[in-house]
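[1] next input, structure requested:
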Amino acid sequence: MKKIVDKIDELFDGQARLILDLISPAIGIRMQNQSTREAWPKLVDDAFIQSKIGGMPDIGEDFIWPEINNLPLTFLGQINLTKASMFNPDLQLRGILYFFVANCKSEDYSELINNIKIIYLENVNPKDLLGYKASEQDSGYPVEFYQHYTLPSYQEKIIRNNSFYSTVLDELDELEWYISELTYGEEDYTRHHMLGDPNAVQGSVRMFWGAAVIKPEDIYYQKINEYMDLAEEIGDEFILLLQIDLCDKRISLPNYGDNCLYFGIHKDDLKCKNFNNTKLVIQST
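    Modelled structure (predicted):
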């Protein structure tokens, strides 16, 4: 964190305190390079459930695969919350989160954002899980977590309210890249993370989480000007559950293109461990 503070002092001088207050702790996600079981010598055993992207979920015999309109959803990944929480004390959960998404062709993404399923298993016995035994050749990509920090995107309300000049916005962008390179460990980082702020590629993510609560039928946001303020207010109550950058070609979701996925959950739902109201926003450059 000291290096980040020093960089802020270098870039922002008199506004350093204000910029520092914008930073939020997050949990970075780094995918490993190989997906076959040979790459997991000690990562999956009876004592540990590995977080991963892709492949098959580690599930029990009584697990019911989620469907929408009698069509099975696609497994995106699983997160071991016990392990992830070690990198951010704000994550007060234990157990496993399974992420399932639709992967059908959809020109407007409406069928994709409205057809997701997040399954939470709080008490898991690793000996009862079968997924890794059933798929030796495609076990998914194991991931590791790291301590990360994020900044609000340039069109989020907190940034607009401070009326930053364009030069400051450019410096915020430079700071974001600096933090990502510093925490990820190399320049070619990916935008996979949990908690903190979403890295929007189209201005704002939080507003669209809020819009999905207020008017889920307004899938093209044609009337969003009528309820934008309320959408932003509700969106500020959301927590980034998971962000996945599909520019990472190791992730196979062909109907999504090179988009970024943002799974958001209202803080009250997270507190109650209710993941049924999780909202998905999809953005592309």
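
[2] tell me which element the closest residue to residue 164 other than its chain neighbours falls in.
    Leaving aside its chain neighbours, residue 164 sits nearest to residue 172 (7.3 Å; criterion: C-beta to C-beta, 6 or more residues apart in numbering). Glycine gets a C-beta too; all of them are placed from N, C-alpha and C. Of the helices and strands defined by DSSP states H and E, residue 172 is found in helix 166-184.

[3] again with residue 149
    Assigned by DSSP H and E, residue 149 belongs to strand 141-150.

[4] how far does that strand sit from the chain's center?
    In terms of C-alpha atoms, centre = their mean, to the nearest Å, the centre of strand 141-150 is found 11 Å from the chain centre.

[5] check which helices and strands it sits against.
    Contacts defined by 3 or more C-beta pairs under 8 Å, 6 or more residues apart in numbering; DSSP states H and E place strand 141-150 against strand 24-31, strand 52-53, helix 166-184.

[6] just name the most buried of the ones you listed.
    Highest mean neighbour count among the helices and strands packed on strand 141-150 (mean count of other C-beta atoms under 10 Å): strand 52-53, with a mean of 26.

[7] centre of the chain to that one, how far?
    The answer for strand 52-53 is 12 Å, by C-alpha atoms, centre = their mean.

[8] direction included, what does that strand pair against?
    With DSSP bridges as the test, strand 52-53 is paired with strand 74-80 (antiparallel), strand 141-150 (antiparallel).

[9] using TSV, lay out these together with distance to residue 181, mean neighbour count and mean pLDDT.
    TSV is the format used below for those (distance: least, C-beta to C-beta, whole Å; neighbours: other C-beta atoms under 10 Å; pLDDT from 0 to 100):
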stretch	distance to residue 181	mean neighbour count	mean pLDDT
strand 74-80	24	23	95
strand 141-150	11	19	93
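
[10] related to what we said a few turns ago, report pLDDT for the residue nearest to residue 164.
    pLDDT recorded at residue 172 is 89.

[11] again, but for residue 129
    71.

[12] which helix or strand contains the closest residue to it other than its chain neighbours?
    Leaving aside its chain neighbours, residue 129 sits nearest to residue 58 (4.1 Å; criterion: C-beta to C-beta, 6+ apart). In the assignment (DSSP H and E), residue 58 maps to no helix and no strand.
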